[in-house]
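# Next come a sequence and a model predicted from it.
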Amino acid sequence: MGVNYPKGVIKNIVPIVMAGVLGIYGLIVSVIIGQAINPPSYNNNQIQGVYSIYNGWAHLAAGLCCGLSCLASGGTIGIIGDVGVRAFGLKASAGKRHWDGLDDLGEGGDAAAIEARAIEGSNKLYVGLLIMLIFAEALALYGLIVALILSQNTFYCGV
């Protein structure tokens, strides 16, 4: 990207940031599950607050739901980001490297007009890239929501 169109490098950090958000989703679920696990306490020679098998399976399901949805979303974001960043760079540079300049105008056109058309086309491509990235991120967000719902289901043993 920096070779094809160095002016657009900052625009193309978006896929990296969106992939970083996926790790935050996992951190949120792990903190919620970690807060739900308490050691058993003894009161009058009776165990209270035992972590039930139901809670264990619910927390495992929540972690797997968030983790697998983030894995799928991360792979999708990676593929879309890679192809989109390369296509954006080529479209914005009109297929030329930045050190070539616009010396060879081809059809005898104006260099500024060619560059303006290339940038306009790249902006349209960038909007499509962002929409695809947002929908890929939504996969992980759905997994986070389901994981939060699953982690709130608890059953306390009355021993």
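Thanks, I have the structure now.
# CA atoms for contacts and neighbours, from now on please.
Noted.
# And the lowest-mean-pLDDT helix or strand in the chain, what does it pack against?
Scoring the helices and strands of the chain by mean pLDDT, DSSP states H and E places strand 46-48 at the bottom, with a mean of 72. The contact analysis (3 or more C-alpha pairs under 8 Å, 6 or more residues apart in numbering; DSSP states H and E) places strand 46-48 against strand 41-43.
# So which elements touch the strand it packs on?
Checking 3+ C-alpha pairs under 8 Å, 6+ apart, strand 41-43 ends up next to strand 46-48.
# distance between the very next helix or strand once past the strand it packs on and the chain's centre?
Downstream of strand 46-48, the next assigned helix or strand under DSSP states H and E is helix 53-92. Centre-to-centre, helix 53-92 and its host chain are 6 Å apart (C-alpha atoms, centre = their mean, to the nearest Å).
# Now for residue 34, how many residues are close by?
A count of nearby residues for residue 34, using other C-alpha atoms under 10 Å, gives 11.
# what about it, helix or strand, and which?
Per DSSP H and E: helix 14-36 holds residue 34.
# Next: residue 94.
Per DSSP H and E, there is no helix or strand for residue 94.
# Can you give me every residue that contacts the residue lying closest to residue 18 once chain neighbours are set aside?
Nearest non-adjacent residue to residue 18, counting by C-alpha to C-alpha, 6 or more residues apart in numbering: residue 137, 7.1 Å away. The contact partners of residue 137, by C-alpha atoms under 8 Å, 6 or more residues apart in numbering, come to 18, 73, 74, 77.
# So which of the residues you listed is the closest to residue 150?
Using C-alpha to C-alpha, residue 73 is the member of the contacts of residue 137 that lies nearest residue 150, at 19.7 Å.
# Please work out which residues outside stretch 64-72 touch it.
22, 23, 25, 26, 29, 139, 140, 142, 143, 144, 146, 147.
# now with 6 Å?
22, 140, 143, 144, 147 (C-alpha atoms under 6 Å, 6 or more residues apart in numbering).
# Show the pLDDT at the first one.
Taken from the predicted model, the pLDDT recorded for residue 22 is 93.
# how many other residues sit next to it?
21.
# could you measure the residue lying closest to it once chain neighbours are set aside against residue 139, distance?
In this structure, residue 22 finds its nearest non-sequential neighbour in residue 70, 5.9 Å apart by C-alpha to C-alpha, 6+ apart. Separation of residue 70 from residue 139 (C-alpha to C-alpha, to the nearest Å) stands at 7 Å.
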